[in-house]
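Engineer: predicted structure and sequence below. I'll ask about it afterward.
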Amino acid sequence: MVINDIMFKTQLNYHIQAAMDEQEDDSLNIEDVKHIDLRRCLFADFKKAMIYVRENYPDYNYSDFTIDAVKPAPADFSESKKYDFTELIDYAKHTAITIGNMTLFSKLQKIASAAEKFNLSVAEHHEKKAGNVLSFQDYDNYFVADTPNTFQEIGSCVVGGGNAEAVKVAATLHASSTEERPIVSVRAFSLNTNTYLPNIDIIDLSTIYKSNASIMEVFAYMSYHDYLKGEFNHSFDKLLFSGSLAIESLEDMYSKHYDLGTFDYLNK
């Protein structure tokens with residue numbers, strides 16, 4: 001009887017350890033997802049990327065249901081079609097706001113943050129893999145200025161929807177931006193036609209008339225200050241949720257105004 005108990009416990013421990021090893025083997029690492037581009041990938045790859053972030057970064061906690069909430073409507077969805085999931089995340093957040101489901105919005109905000117974290121993780125991985133480069137040595141005679149990353153979005157939002165055209169507005173640093181004189185480029189993308197609108201706003205933050213700034217200028221200004229603090233969409237989203245503004249179309253971004261002095265005072 002004692003021998004049988006020992007054999008049973010040994011076998012049980014073996015199965016438990018085997019299950020734990022299998023679970024560890026199933027966890028994703030950067031090599032499994034480094035090829036995924038969230039701006040053009042299958043839903044299965046997007047979900048894989050989000051699961052990778054969830055498994056490797058404990059601060060990012062969300063359910064599979066929340067990941068699935070980003071999936072396009074059934075009529076427009078195909079497992080074999082590639083989508084821009086950065087656009088779809090923003091659209092899902094906008095829809096949650098429109099229907100007044102702030103619980104869903106809060107969950108989608110975690111997905112948006114996870115997507116940013118994933119992009120940074122992949123970028124850092126590729127940088128580590130880069131080959132050795134001979135550094136420039138003649139620093140006594142030359143000054144090499146850092147150039148801004150003009151591809152990384154520092155803020156985004158979706159306006160319109162319903163009867164109005166749904167448009168994603170995205171902010172990036174302009175090529176001529178410096179720490180002393182930040183300049184933000186803002187571009188609009190039609191979610192209805194999947195095309196960029198022709199006009200690009202180049203906003204020099206130092207020239208904004210803060211007492212009566214257009215909402216487009218407010219968006220650029222808040223996006224930049226969030227970027228400096230390592231945040232994304234925090235301040236402008238907070239302003240929209242406060243009910244102080246009602247932005248229903250792209251035109252409202254130019255025709256409506258806000259006093260940025262309040263923002264500066266609260267963020268001293």
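Structural biologist: Good, I have the coordinates. Note that this is a predicted model, so its numbers are computed, not measured.

Engineer: three-state assignment of residue 157?
Structural biologist: Classification of residue 157 by DSSP: H, G, I helix; E, B strand; the rest coil places it in strand.

Engineer: what does residue 198 give?
Structural biologist: Under the three-state scheme (three-state DSSP), residue 198 adopts strand.

Engineer: residues near it, how many?
Structural biologist: Applying other C-beta atoms under 10 Å, we find 7 residues neighbouring residue 198. Placement of C-beta: from N, CA and C, glycine included.

Engineer: how far does the longest helix along the chain sit from the chain's center?
Structural biologist: Scanning the chain for the longest helix, with DSSP state H as the assignment, gives helix 102-129. Distance of helix 102-129 from its chain centroid, counting by C-alpha atoms, centre = their mean, to the nearest Å, is 6 Å.

Engineer: quick one: buried residues of it?
Structural biologist: 104-105, 107-119, 121-122 (16 or more other C-beta atoms under 10 Å).

Engineer: got it, and stretch 72-90?
Structural biologist: Result for stretch 72-90 [16+ other C-beta under 10 Å]: buried residues 83-90.

Engineer: what residues does that stretch touch?
Structural biologist: Residues from elsewhere that reach stretch 72-90 (C-beta atoms under 8 Å, 6 or more residues apart in numbering): 38-44, 46, 70-71, 108, 111-112, 115, 153, 156-158, 168, 189, 191.

Engineer: poorly predicted segments of the stretch 151-268 of the chain, please.
Structural biologist: For the stretch 151-268 of the chain, applying pLDDT under 70 flags the ranges 161-164.

Engineer: all helices in it, in order from the N-terminus.
Structural biologist: With helices called from DSSP state H, counting those that start in this stretch, the stretch 151-268 of the chain shows them at 215-228, 234-241, 252-255, 260-266.

Engineer: so which of those is nearest residue 50?
Structural biologist: Between residue 50 and those, the tightest spacing by C-beta to C-beta is seen for helix 234-241, at 20.0 Å.

Engineer: I'd guessed residue 195 sits against residue 188; true?
Structural biologist: No: the pair formed by residue 195 and residue 188 falls short of the contact definition of C-beta atoms under 8 Å, at 10.0 Å.

Engineer: can you pick out the residue with more neighbours from these two?
Structural biologist: residue 188 (19 against 9).

Engineer: could you check the distance from the more buried one over to residue 197?
Structural biologist: 4 Å (C-beta to C-beta, to the nearest Å).

Engineer: so what sits against both of the two?
Structural biologist: Joint contacts of residue 188 and residue 197 (C-beta under 8 Å, 6+ apart) are 167, 250.

Engineer: could you report the separation of the residue nearest to residue 104 when sequence neighbours are not counted from residue 69?
Structural biologist: Nearest residue to residue 104, sequence neighbours excluded (C-beta to C-beta, 6 or more residues apart in numbering): residue 96, at 4.4 Å. Residue 96 is 8 Å from residue 69, where distance means C-beta to C-beta.

Engineer: kindly report the same for residue 217.
Structural biologist: Going from residue 217 to residue 69 by C-beta to C-beta gives 32 Å.

Engineer: neighbour count: those two, which is higher?
Structural biologist: Of the pair residue 217 and residue 69, residue 217 is the one with more neighbours under other C-beta under 10 Å, namely 25 against 19.

Engineer: for that one, give me its contacts.
Structural biologist: Taking C-beta under 8 Å, 6+ apart as the test, what residue 217 contacts is 203, 208, 260.

Engineer: now with 7 Å?
Structural biologist: 203, 208 (C-beta atoms under 7 Å, 6 or more residues apart in numbering).

Engineer: what about the strands in the stretch 51-200 of the chain?
Structural biologist: 153-161, 164-173, 183-190, 195-204 (DSSP state E, counting those that start in this stretch).

Engineer: can you add distance to residue 240 and give those back as JSON lines?
Structural biologist: Shown next, in JSON lines, are those (distance: least, C-beta to C-beta, whole Å):
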{"stretch": "strand 153-161", "distance to residue 240": "7"}
{"stretch": "strand 164-173", "distance to residue 240": "12"}
{"stretch": "strand 183-190", "distance to residue 240": "16"}
{"stretch": "strand 195-204", "distance to residue 240": "19"}
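
Engineer: alright, I will stop here.
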